[in-house]
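1. Fold the following for me, if possible:
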Amino acid sequence: MEKVNSPEELMENISNMSRDNSVYHFHIPGKGKFTLVLQEEEQRSEV
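-> From the prediction side, this is the model:
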């Protein structure tokens, strides 16, 4: 579990998420432990 010290660090790690790296476990001091799961959006065809 990774310790996150700043909003910038959190956003950098989120931006590095992908289909192969879709689960991110992290800890924010004073707040707790979190798990973030990336889900792909469905491609809709507009008619």
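
2. quick one: low-confidence parts of this protein?
-> Per-residue confidence for the chain (pLDDT under 70) gives these ranges: 47.

3. can you give me the strands for it?
-> 2-3, 23-28, 32-37 (DSSP state E).

4. Pick the most buried one from those.
-> strand 23-28 (a mean of 13; mean count of other C-beta atoms under 10 Å). Every C-beta, even on glycine, is put in place using the N, C-alpha and C of the backbone.

5. which residues are in contact with it?
-> 1-4, 10, 13-14, 17, 33-38 (C-beta atoms under 8 Å, 6 or more residues apart in numbering).

6. What residues does the spatially most central residue of the chain make contact with?
-> By C-alpha atoms, centre = their mean, the chain has its centre lying nearest to residue 14, at 3.9 Å. Going by C-beta under 8 Å, 6+ apart, residue 14 touches 24, 36.
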